[in-house]
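J.: Using only what follows, build the 3D model:
(2 chains)
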Amino acid sequence: MIMNRKVEKGFEVLIRTCGYFTSLVVVLIILFLFKEGISFIGDSPIEEGYALYLSDENPVGTLSEDQIKDLFDGKYKLWSELGGKSDSIRIFSLDDLTEIFSEEETGKDLEHLDRCTRKLTDSIPGALVFVLEAALSDPSGLKKLNAKPITLSSFLTGQQWFPTAKPVGVYGSLPLFLGTLLVSIMAILMALPFGLAGAIYLAEIADKRIRNILKPLIELLSGIPSVVYGFFGLVVIVPWIQEGLGLAVGETALAGSIVLAIMALPTIITVSEDAIRTIPSDVRQASLALGASQWQTIVRVLLPYASSGISAAIILGIGRAMGETMAVLMVTGNAAVMPHGLTHPIRTIPATIAAELGEASFGGLHFKALFALGCILFLITFVTNYLVDSFSAGKKSK
Amino acid sequence: MIQFPEKADAYKRWTQILFFWTARILSLTIIGLLLIILYFIISRGIESISWEFLTAPPKEGMTEGGIMPALVGTMYLIFYSMLVAFPIGVLAGIYVNEYSANGRVKRFIKMMTNNLAGVPSIVFGLFGMALFVNQLNFGASILAGSLTLALLSLPLIIRTTEESLKSVDYSFRNASYALGASKLYTIRKVVLPIAFPNVITGLILSIGRVSGETAPILFTAAAYFLPRLPQSVMDQCMALPYHLYVIATSGTDLEKTKPMAYGTALVLVVIVLLVNLLANLLRNHFARKVKMK
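T.: So this is what the prediction gives:
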């Protein structure tokens, strides 16, 4: 049956629309990710709805998120350490206030809390009162302690990640980024000798029959879900590392690297094998004709020729490893600290998102921070793809 | 194998043998690794598999019972995500291979598809949460999860469709045009039927991928535990990979939940094995068919 011309036209429009669908999705991902992520930069790190009040005599006005966190952790004793007078720092929460003042003074519904706070800051010049902003109906005569807004550089270079610290979360993504980079690069270093050998074997050494058996097996390796790799890592590799190296916990960067190395193998093998395989056979034959052995041909001619493709495989492998979530989440111990080495727990960016998004309140600062981490991941993807493309293009222009 | 001349340099010969064996052994190590993982999961998991395991819900804080709700949830996610992704993916593949002129448009679309394929699965999760769960107000539901998974599997379907269309020889198309058939008619009646087994391979591989993905459904669909099966697409569901994650990491008694975890991992591995087997059979069938014509 031949379709009506109009129906056919309509169908072609549908096909065209579907053709552009992935582009639309990419644009939408950028839009939604960056909308939340960018609004994170410039926000105040003080938890929404809360406020910090000082005596209006206190010259300290604005502190960074790290300083406020340290202040609440008791690392500072005197305001002079933060550029104020030499009064000692004393922190009061709402509970402290209701304990100090009688119900008569605060009022039944705490409606006179502002008066009490003023009384407190007048008598104790170094007082810092941490209450709900709405609790004080008239904050005059008090000075609000402001936190420096989050900047891009504090987000990217901050060395502490404490999103749930009260009253200010500390959002430094550097430990997460370095953790991600550490496990991914180690994974590729471990996988590379095997992957490259596998690619050479499949492309140049194995005969067709063996190749036809091995190829589907390697495909199978890439088909196993990451959560299964994570589970395998958890019940086999983690205890193995713990006992073998005599560590207190086996959930370490090393465990993550090993699991990621196994997962990266198929990518490295497939892409490098492709690069070796697509070398024109004249190149191979010219080398053999000059009396080079097959091995010399592989090492001196084919590998250099395929180097851009192999570089693409390495970059793609690192890029994929950096985005891997579940397996890493299950075996790396999830300690959001600056990485100390392979035998310590670390935490990666994707694992952080997966572990914390469930707890973060929607639209809150923590939520936005996780989207900002998502933006970093997305940019990594883009850079990876760009590099892979340019390497592959380099191969073609040869 | 290369033949060495009589007076071949012994050094050259031995290094070659040495390096060939190194490559061979390293490659076999990879396969060995795969077999160890498979053997480990199958041998430990097989004890947990029973009719009850597959048909009963988890009981006693996930230390007993089975995985039926997770299995059903994964089926729902597979079905709805493929319902969306397969038609769009195939049409997009047709557009890329048959319609887009070789040039900037084609390169652009391919680049975007590549970019989408490289987006980490957790970012799909974030996106699905922002768009489907919050913006479109679907809440955490089978619908939101399936749509997220659909977007994730699009690139794979598009690529396999494109590849399979590409392998259909141009003479088929020309013959059809010569008979006066329109372009769409040619695609529908000539090109697609030949390419179809390979297009289906893409669908099967996507099913494998979707059944194992955890990160995209963490915040869009997956529930820790549900006492009953989902009633509609607006309900949350349990899912196999998330279930494995939960019982492997945060069960009430990790030692007691271990058999359950092994069993769940085995079911996931079996799905992957079946998917790969089926895809390979289809692919070989397709290769023969194309060769014959």
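J.: quick one, what contacts the residue lying closest to A:Gly158 once chain neighbours are set aside?
T.: Closest residue to A:Gly158 apart from its sequence neighbours, by C-beta to C-beta, 6 or more residues apart in numbering or on different chains: A:Gly172 at 1.9 Å. C-betas here are computed from N, CA, C, even on glycine. Residues counted as contacts of A:Gly172 (C-beta atoms under 8 Å, 6 or more residues apart in numbering or on different chains) are A:66, A:154-155, A:157-161.
J.: Among those residues, which are located in helices?
T.: Using DSSP state H, the subset of those located in helices is A:66, A:154-155, A:157.
J.: From those, list just the buried residues.
T.: Using 16 or more other C-beta atoms under 10 Å in any protein chain shown as the burial test, those include A:66, A:154-155 as buried.
J.: pLDDT-wise, what's the bottom of the residues you listed?
T.: Scanning those for pLDDT, the low point is A:Asp66. It has 77.
J.: Check the contact between that residue and A:Tyr171; I expect there is one.
T.: No - proximity of A:Asp66 to A:Tyr171 does not meet the contact threshold set by C-beta atoms under 8 Å, at 10.2 Å.
J.: count of residues packed around A:Ala134?
T.: Using other C-beta atoms under 10 Å in any protein chain shown, A:Ala134 has 9 neighbouring residues.
J.: Not counting residues beside it along the chain, what's closest to it?
T.: A:Gly49 (7.0 Å).
J.: From chain B, how far off is that neighbour?
T.: Applying C-beta to the nearest C-beta, to the nearest Å, the value for A:Gly49 to chain B is 21 Å.
J.: Pull the contacting residues for that residue.
T.: A:Gly49 touches A:132-134, counting by C-beta under 8 Å, 6+ apart.
J.: Looking at those, which is nearest B:Gly212?
T.: Closest approach between these and B:Gly212, by C-beta to C-beta: A:Leu132, at 45.2 Å.
J.: mind checking the backbone torsions on that closest one?
T.: Dihedral pair for A:Leu132: phi -70, psi 140, per degrees, to the nearest 10.
J.: circling back to that earlier point, what's the overlap in contacts for A:Asp66 and A:Tyr171?
T.: By C-beta under 8 Å, 6+ apart, the residues touching both A:Asp66 and A:Tyr171 are A:Gly158.
J.: centre of the chain versus stretch B:157-176, how much separation?
T.: 22 Å (C-alpha atoms, centre = their mean, to the nearest Å).
J.: If you average the pLDDT over that stretch, what comes out?
T.: Per-residue scores along stretch B:157-176 average to 90.
J.: For that stretch, list every residue counted as buried.
T.: B:157-165, B:168, B:172-173, B:176.
J.: Let's have the contacts of A:Gly49 in TSV, adding pLDDT and distance to A:Leu329.
T.: TSV is the format used below for the contacts of A:Gly49 (pLDDT from 0 to 100; distance: C-beta to C-beta, whole Å):
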residue	pLDDT	distance to A:Leu329
A:Leu132	76	35
A:Glu133	73	36
A:Ala134	72	38
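J.: And those residues, which is closest to A:Lys148?
T.: Set against A:Lys148, the nearest of the contacts of A:Gly49 by C-beta to C-beta is A:Glu133 (18.2 Å).
J.: doesn't A:Ala51 make contact with that closest one?
T.: Yes - counting by C-beta under 8 Å, A:Glu133 does reach A:Ala51; the two are 4.0 Å apart.
J.: out of those two, which sits in the more crowded spot?
T.: More neighbours surround A:Ala51 than the other of A:Glu133 and A:Ala51, with 20 against 14 (other C-beta under 10 Å).
J.: Show me what that one is bridged to.
T.: A:Val131 (DSSP bridges).
J.: List the contacts of residue 224.
T.: In the absence of a named chain, chain A is used. B:37, B:212, B:269, B:272.
J.: nope, chain B
T.: B:238, B:246.
J.: if we can go back for a sec, within reach of chain A, which of the contacts of A:Ile224 are there?
T.: B:37, B:212, B:269, B:272 (C-beta under 8 Å from any C-beta of the partner chain).
J.: from the residues you listed, which ones fall inside helices?
T.: Using DSSP H, these in helices are B:37, B:212, B:269, B:272.
J.: what would the residues you listed look like in JSON lines with pLDDT?
T.: As requested, those are exported to JSON lines (pLDDT from 0 to 100):
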{"residue": "B:Ile37", "pLDDT": "94"}
{"residue": "B:Gly212", "pLDDT": "91"}
{"residue": "B:Val269", "pLDDT": "94"}
{"residue": "B:Val272", "pLDDT": "90"}
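J.: How about A:Cys18, nearest residue that isn't a chain neighbour?
T.: Nearest one to A:Cys18, counting by C-beta to C-beta, 6+ apart, is B:Leu91 at 3.7 Å.
J.: what's around that neighbour, how many residues?
T.: 21.
J.: what are the ranges of the strands in chain A?
T.: Using DSSP state E, the strands found in chain A span residues A:50-55, A:62-63, A:90-93, A:127-132, A:142-144, A:146-147, A:161-162, A:170-171.
J.: Tell me which of these sits most buried.
T.: Mean neighbours per residue, mean count of other C-beta atoms under 10 Å in any protein chain shown, is largest over those for strand A:170-171, with a mean of 23.
J.: Would you mind listing what in the stretch 251-398 of chain A touches chain B?
T.: Residues of the stretch 251-398 of chain A that fall close to chain B, judged by C-beta under 8 Å from any C-beta: A:262, A:265, A:269, A:288, A:293-296, A:299, A:319-320, A:322-326, A:330, A:350, A:353-354, A:357-358, A:362, A:370-371, A:374, A:377-378, A:381-382, A:384-385, A:389.
J.: Give me the buried entries from these.
T.: With burial judged by 16+ other C-beta under 10 Å, the buried subset of those is A:262, A:265, A:269, A:293-296, A:299, A:319-320, A:322-326, A:330, A:350, A:353-354, A:357, A:370-371, A:374, A:377-378, A:381-382, A:384-385.
J.: For the stretch 251-398 of chain A, which residue gets nearest to chain B?
T.: Across the stretch 251-398 of chain A, the shortest distance to chain B (C-beta to the nearest C-beta) belongs to A:Gly323, at 2.7 Å.
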